[in-house]
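Colleague: need coordinates for the below:
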Amino acid sequence: MGKPTGFLEFNRELPKTKDPKNRIKDYSEIYLDFKDEKTIEQAARCMDCGIPFCHSGCPLGNIIPEFNDAVYDHDWERAYEILSSTNNFPEFTGRICPAPCEASCVLGINKPPVAIEHIEKTIVEKAFDLGFIKPYIPANRTGKKVAVIGSGPAGLAAASQLNKAGHWVTVYERDDRIGGLLRYGIPDFKLDKSILDRRLNILEEEGIVFKTNAEVGKNINGGDLLEEYDAVVLCGGATQPRDLPIPGRELKGIYFAMDFLRQQNKRVAGDRFMRKDEIFATDKNVIVIGGGDTGSDCVGTSNRHNAKSIIQIELLAKPPVTRSEHNPWPEWPMILRTSSSHEEGCERHWSLLTKEFIGDKKGNVRALRVVEIKWEIDKKTNNQTFKEIPGTTRDLHCDLALLAIGFVHPEHDGILNQIGVDLDSRGNVKDSNYQTNIEKVFTAGDMRRGQSLVVWAIAEGREAAISVDKFLMKNASILEARDKSFLELG
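Modeller: Numbering: from 1, shown residues only. Below you'll find the model as predicted:
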């Protein structure tokens, strides 16, 4: 590596954020500028490990030590060449990935890990600024046509790779804008949509066709697509939200988190809604049920709405601040995480079981009844279970409840039922190496694996593209060969 002693000389440092009191006044990204010299110092902390566990920690298999070395050498073009060989959209993962690579960083055993996610984001932004990122237009076309259903990260990655292989790709999106989860599920203060549009413009220039307001299985017949295209890739995501079937669920003022976030993202984009359909947290006592990233995004959005109060509750016990002895490196650390949204203002509670929504005479929710629970290990099954703690039942003021408790599986009513795709025991699309029971139909992302991370969706889209290419060309995939050759050269 360029600086063998870098990890001894430099501490982990990340860009500072805007003041929380000021940043909640708008939806722009929260990070301040960070000098290139500082990023180069962070790259110098990479240890040139004998076994770089960060590779296995990253679902995409990013070649992290090598791009860190290129950054240290000020070779931004080489750094981007390495990074883009495994990741189609580092400008997305560099902003919204929880960075499992950092959790596996060897330096992280006894020091703060290398700032891999920040370095990744910096590489791609420098590549855009310096003009290294240009449309890749295949010199030869195979004549094969592929339809990709869904324009989230898995769909975009699959489309990008299949286009590089020379196939004609059309992406179908049921919404009025392209991007799926990236467009409507991630708040602008985490991923400004100009970043997404910048990449979409490149994909269009490369020859990919995007069709919006095109819901396959509803206003477009799935059977017709099977006749028109040589292959179809299902990337519709796991969009069926998990509900909370407790008394009072029918009261007004209780919404799925994604309905709340989606509407605000549309509002930031300039869309307007009927007054009766609008979901606002302004001057309301908000309770976010669910302690994950989606719940955190609801907190940040509610802060920007000027909510009266925000409480986020979680069924699970409060995680420890540091790894427990049962959660050693390089496993994903099950520790307490405080997001930028939490920093802006939020009361957090753990080990709370929701019992009942309580309404007023007009049918509006006014409170949430909860009880504290104690987690323990069932000696017979060795599984975790919980018991309610007597005398801890209480009511929390609630004018707006947001359910952020995950997704169960893809929506079955639509293309899945229409074309007869087999499902697994969890209700996800069943496959064999990304190929479904219908020979020319493939699947990738959350629709196949269940609710997961954006980085996993991109990885799945790339892998599915290899399977599709092999099916279409009846031989080894040019995509697989390209990746292997780069790894050998790298």
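
Colleague: any stretches of the protein with poor pLDDT?
Modeller: 1-2, 481-490 (pLDDT under 70).

Colleague: and it, what are its domains?
Modeller: Per automatic domain parsing, the structural domains of the chain span 6-129, 145-239+408-489, 243-405.

Colleague: out of these, which comes closest to residue 135?
Modeller: Checking the domains of the chain against residue 135 by CB to CB gives domain 145-239+408-489 as the closest, at 3.9 Å. (C-beta placed from N, C-alpha, C; glycine too.)

Colleague: ok, the residue lying closest to residue 6 once chain neighbours are set aside to residue 296 distance?
Modeller: Residue nearest to residue 6 in three dimensions, not counting chain neighbours: residue 44, with 3.1 Å by CB to CB, 6 or more residues apart in numbering. Residue 44 is 32 Å from residue 296, where distance means CB to CB, to the nearest Å.

Colleague: what of residue 344?
Modeller: On the measure of CB to CB, residue 344 and residue 296 end up 10 Å apart.

Colleague: in contact with the nearest residue to residue 178 once chain neighbours are set aside, which residues?
Modeller: Leaving aside its sequence neighbours, residue 178 sits nearest to residue 151 (CB to CB, 6+ apart; 4.5 Å). Applying CB atoms under 8 Å, 6 or more residues apart in numbering to residue 151 gives the contacts 159, 171-173, 178-180, 183, 210, 235.

Colleague: do a quick rundown of the strands in the stretch 201-350 of the chain.
Modeller: Secondary structure of the stretch 201-350 of the chain, counting by DSSP state E, counting those that start in this stretch: strands at 209-211, 231-234, 240-241, 254-256, 285-289, 309-313, 347-349.

Colleague: deepest-packed of these, please.
Modeller: Per-stretch averages of neighbours, counted by mean count of other CB atoms under 10 Å, single out strand 231-234 among the strands of the stretch 201-350 of the chain, with a mean of 28.

Colleague: tell me the helices and strands packed up against it.
Modeller: Where contact means 3 or more CB pairs under 8 Å, 6 or more residues apart in numbering; DSSP states H and E, strand 231-234 is packed against strand 145-149, helix 153-164, helix 222-228, strand 441-443, helix 454-473.

Colleague: now what about the second one, what contacts it?
Modeller: What it means is helix 153-164. 88-89, 92, 136, 138, 146, 148-149, 151, 169, 171, 180-182, 199, 203, 206-208, 233, 235, 237, 444-447, 454, 457-462, 464-466, 468-469, 479, 482.

Colleague: which neighbouring elements make contact with the next helix or strand after that helix?
Modeller: Sequence-wise, the next helix or strand downstream of helix 153-164 (DSSP states H and E) is strand 168-172. The elements that strand 168-172 packs onto, with contact taken as 3+ CB pairs under 8 Å, 6+ apart, are strand 145-149, helix 153-164, strand 209-211.

Colleague: strand 168-172 pairs with which strands, and in what direction?
Modeller: Sheet pairing of strand 168-172 (DSSP bridges) gives strand 145-149 (parallel), strand 209-211 (parallel).

Colleague: I'd like those strands as CSV, with distance to residue 367 appended.
Modeller: Formatted as CSV, these follow (distance: least, CB to CB, whole Å):
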stretch, distance to residue 367
strand 145-149, 42
strand 209-211, 45
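
Colleague: and residue 392, how far is that from residue 373?
Modeller: Distance of residue 392 to residue 373, given as CB to CB: 8 Å.

Colleague: ok, those two, which is more surrounded?
Modeller: Remark: of residue 392 and residue 373, residue 373 carries more neighbours, 19 against 14, as counted by other CB atoms under 10 Å.

Colleague: just confirm the more buried one is within a helix.
Modeller: No - with DSSP: H, G, I helix; E, B strand; the rest coil as the criterion, residue 373 is strand rather than part of a helix.

Colleague: list the contacts for it?
Modeller: Contacts of residue 373 (CB under 8 Å, 6+ apart): 315, 351-353, 386-389.

Colleague: so what does the nearest residue to residue 78 once chain neighbours are set aside look like in phi/psi?
Modeller: The spatial neighbour of residue 78 that comes closest, neighbours along the chain excluded (CB to CB, 6+ apart), is residue 70 at 4.2 Å. Backbone torsions for residue 70, taken as degrees, to the nearest 10, come to phi -60, psi -40.

Colleague: burial check on residue 70, number of neighbours?
Modeller: When counting by other CB under 10 Å, one arrives at 22 neighbours for residue 70.

Colleague: list the contacts of it.
Modeller: Residues near residue 70 by CB under 8 Å, 6+ apart: 76, 78-79, 82.

Colleague: for residue 40, see how far away it is.
Modeller: On the measure of CB to CB, residue 70 and residue 40 end up 10 Å apart.

Colleague: and residue 75, by the same measure?
Modeller: In terms of CB to CB, residue 75 sits 11 Å off from residue 40.

Colleague: between those two, which one's more packed in?
Modeller: Shown here are residue 75 and residue 40; by other CB under 10 Å, residue 40 has more neighbours (20 against 15).

Colleague: okay, and the more buried one sits in which element?
Modeller: helix 36-44.

Colleague: in that helix, what counts as buried?
Modeller: 38-44 (16 or more other CB atoms under 10 Å).

Colleague: ok, residues contacting that helix?
Modeller: Residues contacting helix 36-44 (CB under 8 Å, 6+ apart): 1-3, 6-7, 9-10, 12-13, 68-69, 71-72, 74, 114-115, 118-119, 122, 126.

Colleague: how distant is that helix from the center of its chain?
Modeller: 26 Å (CA atoms, centre = their mean, to the nearest Å).

Colleague: list of residues touching whichever helix or strand comes after it?
Modeller: Following helix 36-44 in sequence order, the next helix or strand is helix 53-57 (DSSP H and E). Residues outside helix 53-57 that contact it (CB under 8 Å, 6+ apart) are 61-65, 100-106, 114, 116, 330.

Colleague: just those now: which is nearest residue 414?
Modeller: Nearest to residue 414 among the contacts of helix 53-57, with distances taken as CB to CB, is residue 100, at 31.7 Å.

Colleague: the closest residue to that closest one other than its chain neighbours: neighbour count?
Modeller: Leaving aside its sequence neighbours, residue 100 sits nearest to residue 57 (CB to CB, 6+ apart; 4.6 Å). By the criterion of other CB under 10 Å, residue 57 has 23 neighbours.

Colleague: related to what we said a few turns ago, which one of the helices and strands packed on strand 231-234 lies nearest to residue 291?
Modeller: Of all the helices and strands packed on strand 231-234, helix 454-473 comes closest under CB to CB, at 18.9 Å.

Colleague: quick one: that closest one to strand 145-149, angle?
Modeller: Calculated by axes from the mean of the first three to the mean of the last three CA atoms, to 10 degrees, helix 454-473 forms an angle of 150 degrees with strand 145-149.

Colleague: dump the residue contacts of residue 76.
Modeller: Neighbours of residue 76 in contact, by CB under 8 Å, 6+ apart: 70, 123, 126-127, 130, 132.

Colleague: in PDB, list the C-alpha atoms belonging to stretch 347-361.
Modeller: The C-alpha trace of stretch 347-361 is given here as PDB (Å, rounded to 0.1, in the frame of the first residue of the first chain):
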ATOM      1  CA  GLU A 347     -37.400  10.000  22.100                       C
ATOM      2  CA  ARG A 348     -36.500   6.300  21.700                       C
ATOM      3  CA  HIS A 349     -37.900   3.400  23.700                       C
ATOM      4  CA  TRP A 350     -37.000  -0.300  23.500                       C
ATOM      5  CA  SER A 351     -38.700  -3.500  24.700                       C
ATOM      6  CA  LEU A 352     -42.200  -2.100  24.200                       C
ATOM      7  CA  LEU A 353     -45.100  -4.200  23.000                       C
ATOM      8  CA  THR A 354     -47.900  -2.400  21.300                       C
ATOM      9  CA  LYS A 355     -51.300  -3.400  22.700                       C
ATOM     10  CA  GLU A 356     -54.000  -1.100  21.300                       C
ATOM     11  CA  PHE A 357     -54.600   2.100  19.400                       C
ATOM     12  CA  ILE A 358     -57.100   4.300  21.300                       C
ATOM     13  CA  GLY A 359     -59.300   6.800  19.400                       C
ATOM     14  CA  ASP A 360     -61.400   9.800  20.100                       C
ATOM     15  CA  LYS A 361     -65.100  10.300  19.300                       C
END
